[in-house]
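**Q** Need a 3D model of the sequence below.
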Amino acid sequence: MQVRQLRAIVSGRVQGVGFRYFVMRAAQKLELSGWVRNRASGEVEIVAQGPMPVLQQLLGQVRKGPPTAYVVNVTIQYCDPLPQLHGFELKPTAYV
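**A** This is a model prediction of the structure:
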């Protein structure tokens, strides 16, 4: 099965509600590699790599989020995977 990279930007009430930890646990359970981080804009950015059906499972969970979150929009982009991504981790906030 072909491995792809998903990059998603999630907006709504997604910071300060455990959203990053929710994504990290879901991605680890699905055995995806990548990372998740807050953005200074108030959004959450996700990069995940794995088979397309598994990435779709992650997206389904991301669109719902944890009970304390409220997801308004998920912008997604797919590209070729990066070989240096192993495991799934939290990254520091991006101030870009």
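**Q** Below-threshold pLDDT in this structure: ranges please.
**A** By pLDDT under 70, the weakly predicted segments of the chain are 96.
**Q** quick one: the helices in it?
**A** All helices of the chain, identified by DSSP state H, fall at 19-29, 52-64.
**Q** centroid residue for this structure?
**A** Using CA atoms, centre = their mean, the residue of the chain that lies closest to the mean C-alpha position is Ile46, 3.1 Å off.
**Q** does it really touch Phe19, like I thought?
**A** No. Under the criterion of CB atoms under 8 Å, Ile46 lies out of contact with Phe19, with a separation of 9.8 Å. Quick note: C-beta positions are derived from backbone N, CA and C, even for glycine.
**Q** Give the residues shared as contacts by these two.
**A** In the contact map built from CB atoms under 8 Å, 6 or more residues apart in numbering, the residues linked to both Ile46 and Phe19 are Val10.
**Q** Break down this structure into its strands, ranges please.
**A** For the chain, the strands defined by DSSP state E cover 3-13, 33-38, 44-51, 70-79, 88-90.
**Q** Can you tell me which of those is packed in deepest?
**A** Neighbour counts (mean count of other CB atoms under 10 Å) averaged over each of those peak at strand 44-51, with a mean of 22.
**Q** hmm, back to that, beta partners for the residue nearest to the centre of the chain?
**A** On the basis of DSSP bridges, Ile46 is bridged to Ala8, Val36.
**Q** OK, contacts around it?
**A** Under the criterion of CB under 8 Å, 6+ apart, the contact list for Ile46 reads 6-10, 23, 27, 34-36, 62.
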